[in-house]
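1. Sequence plus predicted model, see below.
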Amino acid sequence: MTISGNTWAIVLAGGEGSRLHGLTMTALGVAVPKQFCSLRGGRSLLSEALKRAEAVAQPECICTIVSQHHRRWWSRGLSAMPIANIVVQPRNRGTANGILLPLLYILARDPEARVVLLPSDHHVRHEQTLAAALQKAVLELRTRGHQILLIGILPEEADPDLGYIVPGRSEGAVSTVDRFVEKPDARLAQALVQAGALWNAFIVAASGGALLQMFVQRFPRIVAGMQAIVAKNPFTADLSCAAMDFYRDLPNLDFSRQILPGAESSLRVLQARRCGWSDLGTPKRLAETLRALSLYRENADEDLGALNLAVQHARFLKEAVSLR
């Protein structure tokens, strides 16, 4: 099947979720990465993110990047996905490399692709609200193909543990990006929210070519090395000897810290309405999300074996009380 000029989604699922290891540790002492856990015994967060991707991409155009050493957690859950859409990295080398490798596989199949980047370990209470923003961003790309669109979420509070996007001048449905602020103190967070700053949800929409150009400008040798991997192994994005050799000496690169800064002139931010978004990045934010969910009577999915974060959190609180 020939694919050309479609919208693709890359679901980023290669991280370790280390900030929640205290809550995701099994009875055997194994820390399960957050994206392979469920909030309340239903589908994993990764499964929820793959479903979220369907708002902008057809199933055959949804890819995910995973790590080899996590195979025991993702192999069954991704069994229905086309093997070419499961990009396996030998090890986690940061979010930038985790974006670049699947991006190159997509561009090899669809040089005119539009791409939406979605984290796999976040929770969204009102999916339709976020879906509307994702769809609007994809529409904007038709006339903004040279720009990178960030989804900024209207804050529900001034949280000092989150990252913020400070919008600049308005350009219709989007705004320029004035600057990024990572984890401000409480006073600055409050001032940012009052001034119109948005939560940085790490959701990006762009033409594949524009996104690749950002990497070429910063790390041309890494891009060339990964392009060689794709050229040697074009029919499947699973592990290859070339990838294993290349990743051995590959530096960790963070997309937010090492790719986006300095590129503000080509960045635009699109505001999403409040949608009950959380990155579940700390025990505190996980607890807040679980409390909010208790107010809703949603139908729980069948327990698919994913580690239940609600149960883990309740156990954590019980143990903390017993130690007092």
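-> Structure received.

2. C-alpha from now on. contacts and neighbour counts both.
-> Noted.

3. Show me the strands in the stretch 151-300 of the chain, by range?
-> Remark: strands assigned in the stretch 151-300 of the chain by DSSP state E, counting those that start in this stretch are 163-171, 174-182, 198-207, 267-272, 277-278.

4. Counting neighbours, which bits of the third one end up buried?
-> So the one you mean is strand 198-207. Across strand 198-207, burial judged by 16 or more other CA atoms under 10 Å covers 198-201, 204-207.

5. Each with direction, which strands does that strand pair with?
-> Partners of strand 198-207 in the sheet, by DSSP bridges, are strand 114-119 (antiparallel), strand 148-153 (antiparallel), strand 163-171 (antiparallel).

6. What's the first helix or strand after the first one?
-> Put plainly, it is strand 114-119. Downstream of strand 114-119, the next assigned helix or strand under DSSP states H and E is strand 123-124.

7. so who does Gly98 touch?
-> The contact partners of Gly98, by CA atoms under 8 Å, 6 or more residues apart in numbering, come to 12, 14, 65, 89, 92.

8. mind checking how far the last one is from Arg248?
-> The reference is to Asn92. 11 Å (CA to CA, to the nearest Å).

9. list the residues that contact both of those two?
-> Common neighbours of Asn92 and Arg248 (CA under 8 Å, 6+ apart) do not exist.

10. quick one: which of the two has more around it?
-> Shown here are Asn92 and Arg248; by other CA atoms under 10 Å, Asn92 has more neighbours (23 against 11).

11. Next one: that one relative to Met244, how far apart?
-> 12 Å.

12. Put together JSON lines for the strands of the stretch 151-300 of the chain, with mean pLDDT and distance to Cys37 on each row.
-> Supplementary listing: those in JSON lines, determined by pLDDT from 0 to 100; distance: least, CA to CA, whole Å:
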{"stretch": "strand 163-171", "mean pLDDT": "96", "distance to Cys37": "24"}
{"stretch": "strand 174-182", "mean pLDDT": "95", "distance to Cys37": "26"}
{"stretch": "strand 198-207", "mean pLDDT": "97", "distance to Cys37": "20"}
{"stretch": "strand 267-272", "mean pLDDT": "98", "distance to Cys37": "26"}
{"stretch": "strand 277-278", "mean pLDDT": "96", "distance to Cys37": "15"}
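
13. Quick check: which of the ones you listed is nearest to Arg144?
-> Smallest distance to Arg144 across the strands of the stretch 151-300 of the chain (CA to CA): 8.5 Å, for strand 198-207.

14. and the angle for that closest one with strand 267-272?
-> Counting by axes from the mean of the first three to the mean of the last three CA atoms, to 10 degrees, strand 198-207 lies at 120 degrees to strand 267-272.

15. Please work out which residues outside strand 198-207 touch it.
-> Under CA under 8 Å, 6+ apart, the answer for strand 198-207 is 112-119, 134, 137-138, 141, 145-155, 162-167, 256, 271, 279.

16. That one vs strand 174-182, what angle?
-> On the basis of the same axes, to 10 degrees, strand 198-207 is oriented at 120 degrees to strand 174-182.

17. Let me have the contacts of Gly98 in TSV, adding pLDDT as columns.
-> Shown next, in TSV, are these (pLDDT from 0 to 100):
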residue	pLDDT
Leu12	98
Gly14	94
Ile65	96
Gln89	93
Asn92	93
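
18. okay, the strands paired with strand 198-207 in JSON lines with mean neighbour count and distance to Leu103 next?
-> Output for the strands paired with strand 198-207, formatted as JSON lines (neighbours: other CA atoms under 10 Å; distance: least, CA to CA, whole Å):
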{"stretch": "strand 114-119", "mean neighbour count": "24", "distance to Leu103": "8"}
{"stretch": "strand 148-153", "mean neighbour count": "25", "distance to Leu103": "14"}
{"stretch": "strand 163-171", "mean neighbour count": "18", "distance to Leu103": "24"}
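
19. wait, which of those strands is closest to Cys275?
-> Here strand 148-153 is closest among those (CA to CA), at 8.0 Å.
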